[in-house]
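Enquirer: Take a look and give me a structure for this.
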Amino acid sequence: MRRQALIVGGGIGGLCAAISLRLTGWDVQVFEQASQITEIGAGLQVSPNGVKILERIGVMERLNSALFEPEAIEIRMGISGRPILYLPMKGAAAQRWGAPYIQVHRADLITALLARLEALQRGAVQTGCAVRGYAPCKDGAEVILTNGQRIQADLVIGADGIHSKIRHQMLGPDAPRFTGNYAWRALVPKAQLDALAPPPSGCIWAGPKKHAVTTYVRGGDVVNFVGIVEQTIWREESWSRTGDRQEALADFDGWAPPITAILEQAEVLHKWALFDRAPLPQWHDGHVVLIGDAAHPMLPSMAQGAVQSLEDGYHLARTLGAAEGANIPAACARHYAQRIARTIKVQRVSAENLQLFHKSSRAAQMMSYAPIWLAGQLTPSLVHRRNDWLYGAAIPPLNI
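Expert: You can find the predicted model right below:
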């Protein structure tokens with residue numbers, strides 16, 4: 001009899017977990033509370049450690065027409081546009097870390113994941129299915145839908161994001177921490193920007209108490225913008241809303257022409273607060289386990305939120321292996337023990353990067369950026385080496 005897993009949340013981590021488990025012999029069911037999975041979100045950067053997982057689970061071949069492989073990762077001064085660091089990525093990433101560094105629209109990645117899961121198990125995703133909580137049951141656990149229906153399985157995975165109901169029940173009520181930053185995001189066709197299009201890279205534009213990131217999606221046809229701005233208190237009633245163009249232009253007043261051009265020409269500007277949580281003491285309760293933002297939300301300053309969710313889903317499936325019955329909680333405990341140090345480090349370095357990109361005084365900028373510029377000029381391979389622990393992680397095959 002096949003083992004059964006119920007996944008709460010149809011995002012990147014939940015779908016990766018569903019595919020990985022299915023490939024290892026599980027029946028899976030994904031519960032997504034949205035009535036339909038639509039084109040939401042914006043651009044993502046997927047580093048080689050994430051690309052290797054997408055290759056392992058048969059998703060990369062479905063992304064080829066939608067992805068963009070940037071020439072480099074750059075840091076520039078946000079106001080002047082002056083280059084600080086240029087690290088080649090196209091070709092170099094695959095040579096050093098075993099897979100390319102790519103940029104892709106979140107919706108295109110979700111579409112590819114859904115198509116792969118549907119090919120493996122038809123009807124595995126149920127939309128319009130909100131989950132209220134979970135309960136233990138004999139040799140497993142059950143999810144409780146908001147309509148009162150209870151569904152049992154060998155394993156329940158909480159992949160329901162930073163406001164996770166599964167996490168709330170498992171570890172008690174607490175509010176995520178406002179990080180003191182909010183973010184703007186926008187998409188603009190490259191052709192619309194013409195000569196003011198940003199460079200074909202993953203470009204970080206650093207500035208006083210704020211920074212921006214420009215990338216490319218839809219095969220390089222669309223520019224993706226994220227701008228992160230410090231603010232002491234978040235007073236919005238909603239964690240996400242459509243933003244005011246004049247407010248965004250004021251935030252980046254006087255910045256390099258590609259940045260202001262994007263803000264002027266974006267059809268829609270979104271604004272949302274950035275939250276995180278302290279590392280959790282556990283990710284599982286019996287046959288129930290957390291992954292992704294439900295377990296370890298992180299700032300976007302290493303572009304690892306989606307990638308760490310992919311790692312979670314894949315690693316969990318490998319760790320479960322042939323586990324059944326009473327062995328499943330032990331496998332979930334091993335998953336936590338083997339993953340927690342890595343996710344804590346990514347959270348920490350992401351927070352440090354944010355501070356690095358937000359230096360306010362000219363002296364602080366010189367002290368921080370001059371050594372980075374010099375290292376990039378003289379020893380780019382040493383700068384690449386700083387990411388070996390992250391991008392170069394070995395991704396063993398699933399136990400199929």
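
Enquirer: remind me which residues of the stretch 151-300 of the chain are low pLDDT?
Expert: Judged against pLDDT under 70, the low-scoring parts of the stretch 151-300 of the chain cover residues 235-240.

Enquirer: All the helices of it, in order from the start?
Expert: Ranges of helices in the stretch 151-300 of the chain, per DSSP state H, counting those that start in this stretch, are 165-171, 190-193, 245-251, 257-265.

Enquirer: The stretch 301-400 of the chain too?
Expert: 305-320, 327-357, 362-378, 380-385, 388-391.

Enquirer: quick one, which of these is packed in tightest?
Expert: Looking across those with neighbours counted as mean count of other Cβ atoms under 10 Å, the highest average goes to helix 305-320: a mean of 25. For glycine as for every other residue, the C-beta is placed from the backbone atoms N, C-alpha and C.

Enquirer: Just give me how far that one sits from the chain centre.
Expert: In terms of Cα atoms, centre = their mean, to the nearest Å, the centre of helix 305-320 is found 12 Å from the chain centre.

Enquirer: Now do it against helix 327-357: the angle between them, please.
Expert: When axes from the mean of the first three to the mean of the last three Cα atoms, to 10 degrees is applied, the directions of helix 305-320 and helix 327-357 differ by 160 degrees.

Enquirer: Using PDB, list the CA coordinates for helix 305-320.
Expert: Output in PDB follows, covering the C-alpha atoms of helix 305-320 (Å, rounded to 0.1, in the frame of the first residue of the first chain):
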ATOM      1  CA  GLY A 305      13.700  32.100   0.000                       C
ATOM      2  CA  ALA A 306      12.400  30.000  -2.900                       C
ATOM      3  CA  VAL A 307      15.600  28.000  -3.200                       C
ATOM      4  CA  GLN A 308      15.600  27.000   0.400                       C
ATOM      5  CA  SER A 309      12.000  25.900   0.000                       C
ATOM      6  CA  LEU A 310      13.100  23.700  -2.900                       C
ATOM      7  CA  GLU A 311      15.900  22.300  -0.700                       C
ATOM      8  CA  ASP A 312      13.400  21.600   2.100                       C
ATOM      9  CA  GLY A 313      10.900  19.700  -0.100                       C
ATOM     10  CA  TYR A 314      13.600  17.600  -1.800                       C
ATOM     11  CA  HIS A 315      15.600  16.900   1.400                       C
ATOM     12  CA  LEU A 316      12.500  15.900   3.300                       C
ATOM     13  CA  ALA A 317      11.600  13.300   0.600                       C
ATOM     14  CA  ARG A 318      15.200  11.900   0.600                       C
ATOM     15  CA  THR A 319      15.200  11.700   4.400                       C
ATOM     16  CA  LEU A 320      11.900   9.900   4.600                       C
END
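
Enquirer: Which elements pack onto it?
Expert: helix 12-23, strand 43-46, helix 48-56, helix 327-357 (3 or more Cβ pairs under 8 Å, 6 or more residues apart in numbering; DSSP states H and E).

Enquirer: quick one: which of the ones you listed is nearest His163?
Expert: helix 12-23 (14.5 Å; Cβ to Cβ).

Enquirer: Mind listing what's buried along the closest one?
Expert: Ile12, Gly13, Gly14, Leu15, Cys16, Ala17, Ala18, Ile19, Ser20, Leu21, Arg22, Leu23 (16 or more other Cβ atoms under 10 Å).

Enquirer: now, among the residues you listed, which is nearest to Lys271?
Expert: For the buried residues of helix 12-23, the nearest to Lys271 is Ile12 (22.0 Å; Cβ to Cβ).

Enquirer: who's in contact with the closest one?
Expert: By Cβ atoms under 8 Å, 6 or more residues apart in numbering, Ile12 lies in contact with Arg106, Leu109, Ile110, Leu113, Gly292, Ala306, Ser309, Leu310.

Enquirer: one step back: possible to save the buried residues of helix 12-23 as CSV with distance to Asn224?
Expert: Formatted as CSV, the buried residues of helix 12-23 follow (distance: Cβ to Cβ, whole Å):
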residue, distance to Asn224
Ile12, 16
Gly13, 21
Gly14, 23
Leu15, 21
Cys16, 21
Ala17, 26
Ala18, 26
Ile19, 25
Ser20, 27
Leu21, 31
Arg22, 30
Leu23, 30
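
Enquirer: okay if I get the residues you listed as CSV plus pLDDT and distance to Arg348?
Expert: Formatted as CSV, the buried residues of helix 12-23 follow (pLDDT from 0 to 100; distance: Cβ to Cβ, whole Å):
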residue, pLDDT, distance to Arg348
Ile12, 97, 22
Gly13, 98, 20
Gly14, 98, 25
Leu15, 98, 27
Cys16, 98, 24
Ala17, 98, 25
Ala18, 98, 29
Ile19, 98, 29
Ser20, 98, 27
Leu21, 98, 30
Arg22, 97, 33
Leu23, 97, 32
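
Enquirer: any idea which of these is closest to Ala212?
Expert: Ile12 (23.2 Å).

Enquirer: Please report how far the closest one lies from Leu113.
Expert: 7 Å (Cβ to Cβ, to the nearest Å).

Enquirer: cool, and Gln126?
Expert: 16 Å.

Enquirer: the more surrounded of these two?
Expert: Leu113 (28 against 14; other Cβ atoms under 10 Å).

Enquirer: Quick check: buried residues in the host helix or strand of that one?
Expert: Assigned by DSSP states H and E, Leu113 falls within helix 106-120. Under the neighbour-count criterion of 16+ other Cβ under 10 Å, helix 106-120 has Arg106, Ala107, Asp108, Leu109, Ile110, Thr111, Ala112, Leu113, Leu114, Arg116, Leu117, Leu120 buried.

Enquirer: contact partners of it?
Expert: Here helix 106-120 has contacts from 10-12, 15-16, 18-19, 22-23, 28, 30, 37-44, 46, 57-59, 62-63, 66-67, 124-125, 217-218, 306, using Cβ under 8 Å, 6+ apart.

Enquirer: switch to 7 Å and redo it
Expert: Helix 106-120 has contacts (Cβ atoms under 7 Å, 6 or more residues apart in numbering) with 12, 15-16, 18-19, 22, 37, 39-42, 44, 57-59, 62-63, 66, 124-125.

Enquirer: swap in stretch 278-290?
Expert: 134, 136, 140-141, 154-158, 164, 166-167, 170-171, 295-296, 316, 328-329, 332-333, 335-336, 340, 344.
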